[in-house]
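Engineer: Sequence below, structure please.
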Amino acid sequence: MSAARAQPATATEPVIGLIGGYGDVGGHAARFLRRLGGHRLRVGGRDLAAARRFVRDELHGEAEAVPVDCHDDGALDRFAAGCHVLVNCSGPSRSIADRAAWAASRAGAHYIDAGGDDALHRLLGPDATARGRAVVLSAGLRPGLTGLLPRWAAHAFDQVRSLTAYLAVLDRFTRTAADDYVRGADDGVTRPLAAWRDGPRPRTLTRRTGVTLPFLPAEATLLPYLDTEGVRLAEALGLSHGDWHTALVGEHVRVAFDRVHTLDREQAVTALCEAARLDAAGRTPFAVFLAQLDGVVDGTPASRTVLCRGPGSGELTGAVTALSAVAAARGEVPPGRHFAADVLDPVTTINRLRAGPVPVTLSLLDTTIDRLSLVEEGVL
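Structural biologist: I've put the predicted structure just below:
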């Protein structure tokens, strides 16, 4: 659904500054924020000319372009000055570390990070959220939307007992995203083949090939994993059973995933980017998230399936980043350090996503994933 065009911002509206605001994720976040309105935008990056072109061509001049280098504390402070919310869409996360977050703290601004996982959460102490400030990390597709959607669906249940989730993405891998993925696997944020069985249980599941899932254009290879977002979600919902899978529909990416752990970091990042480029060539990018929740509704055992289908990882990550910034600007996020999936109101956020400019399908279906597959086969 397309949103109505926003009215021009006024000088009294809060300023949202986006570092890396003309990049893949930042550009989508900036476009989303411009369409929502209610704030002024500041778009920054190392290339001022590129920022100015983006503001002129993509935001119709409705933002200011300001140079910023996220490795220069002075430049970060100048960019953050006057911002109500500072958003980091640059990366890789480990390269920037906590520099942008501390710049937000010095400016008295809330801080949103499209990436920024557990390592950044550990780096930021209580001083980073002084004076009523909020820090929101992992504000993307995964982690982020993949943790929000099951919480949104859980409102339909009296109790949720188990969850089975699949995320399939056919899109290019930016070097930033690929680097964050490789580092996440190295530092224990993601544990392959692990699952939740009343607690984390390693090496519980196995990889499966040739699997048919609804809404995917081809058979998938399933790579089970348990990440820290899944652990927090399982604890929040009181799950006894939880399985999460990456569903690969591209042959080149599947091969690259198998090779990642045998390569050094730079080689692994290059391999993932090249594989994703080859798989996506000539095909329309997409992201599909399916999650089946089993539990109790009105005292009766029931199953529901969440479907989220969007145009790609960049657009959905940018949308979640933008919605996190809006929530912080409107005072909806309490002070402190948070992960987006844990702190954003699921119902409000999903409603805003539905009403926003990103063409996304969001449904809660009264059936199981297996039955959805049978329906699709019958239709075909």
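
Engineer: ok, what's across the strand from the most centrally placed residue in the chain?
Structural biologist: For the chain, residue 140 is the residue whose C-alpha lies nearest the centre (Cα atoms, centre = their mean; 1.5 Å). Using DSSP bridges, the bridge partners assigned to residue 140 are residue 144.

Engineer: Quick one, grab the pLDDT at it.
Structural biologist: The model reports residue 140 with a pLDDT of 96.

Engineer: Would you check how far apart it and residue 206 are?
Structural biologist: For residue 140, the distance to residue 206 equals 28 Å [Cβ to Cβ, to the nearest Å]. Just so you know, the C-beta spots here come from the backbone N, C-alpha and C atoms, and that holds for glycine as well.

Engineer: swap in residue 50?
Structural biologist: Residue 50 sits 46 Å away from residue 206 when distances are taken as Cβ to Cβ.

Engineer: who's more crowded, those two?
Structural biologist: residue 50 (14 against 9; other Cβ atoms under 10 Å).

Engineer: which is the next helix or strand following the helix or strand containing that one?
Structural biologist: Element membership for residue 50, per DSSP states H and E: helix 48-58. Once helix 48-58 ends, the next helix or strand along the chain (criterion: DSSP H and E) is strand 64-67.

Engineer: Name the strands paired with that next one and say parallel or antiparallel.
Structural biologist: With DSSP bridges as the test, strand 64-67 is paired with strand 40-45 (parallel).

Engineer: Now the partner strand: average pLDDT?
Structural biologist: Strand 40-45 comes out at a mean pLDDT of 97.

Engineer: Then stretch 149-169?
Structural biologist: Per-residue scores along stretch 149-169 average to 98.

Engineer: And it, what's buried?
Structural biologist: Neighbour counts over stretch 149-169 (16 or more other Cβ atoms under 10 Å) mark 149-154, 157, 160-169 as buried.

Engineer: Just the C-alpha atoms of it, please, in PDB.
Structural biologist: C-alpha atoms of stretch 149-169 as PDB (Å, rounded to 0.1, in the frame of the first residue of the first chain):
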ATOM      1  CA  LEU A 149       6.400 -10.900  13.700                       C
ATOM      2  CA  PRO A 150       6.000 -14.000  16.100                       C
ATOM      3  CA  ARG A 151       5.300 -11.500  18.900                       C
ATOM      4  CA  TRP A 152       2.600  -9.900  16.800                       C
ATOM      5  CA  ALA A 153       1.100 -13.300  16.000                       C
ATOM      6  CA  ALA A 154       1.300 -14.400  19.700                       C
ATOM      7  CA  HIS A 155      -1.400 -11.800  20.500                       C
ATOM      8  CA  ALA A 156      -3.900 -14.200  18.900                       C
ATOM      9  CA  PHE A 157      -3.100 -17.000  21.400                       C
ATOM     10  CA  ASP A 158      -3.800 -17.600  25.000                       C
ATOM     11  CA  GLN A 159      -0.500 -19.500  25.100                       C
ATOM     12  CA  VAL A 160       2.200 -20.300  22.600                       C
ATOM     13  CA  ARG A 161       4.000 -23.600  23.000                       C
ATOM     14  CA  SER A 162       6.100 -24.000  19.900                       C
ATOM     15  CA  LEU A 163       7.400 -22.100  16.900                       C
ATOM     16  CA  THR A 164       8.800 -23.200  13.600                       C
ATOM     17  CA  ALA A 165      10.200 -20.400  11.400                       C
ATOM     18  CA  TYR A 166      11.800 -20.100   7.900                       C
ATOM     19  CA  LEU A 167      13.500 -17.000   6.300                       C
ATOM     20  CA  ALA A 168      14.200 -17.100   2.600                       C
ATOM     21  CA  VAL A 169      15.900 -14.200   0.900                       C
END
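
Engineer: so how far is residue 120 from residue 39?
Structural biologist: Going from residue 39 to residue 120 by Cβ to Cβ gives 24 Å.

Engineer: more crowded one of those two?
Structural biologist: Neighbours around residue 39 and residue 120, counted as other Cβ under 10 Å, are more numerous at residue 120. The numbers are 24 against 21.

Engineer: what helix or strand is the more buried one on?
Structural biologist: Judged by DSSP H and E, residue 120 forms part of helix 118-123.

Engineer: so the helix holding residue 50 versus strand 40-45, what angle?
Structural biologist: Counting by axes from the mean of the first three to the mean of the last three Cα atoms, to 10 degrees, helix 48-58 lies at 140 degrees to strand 40-45.
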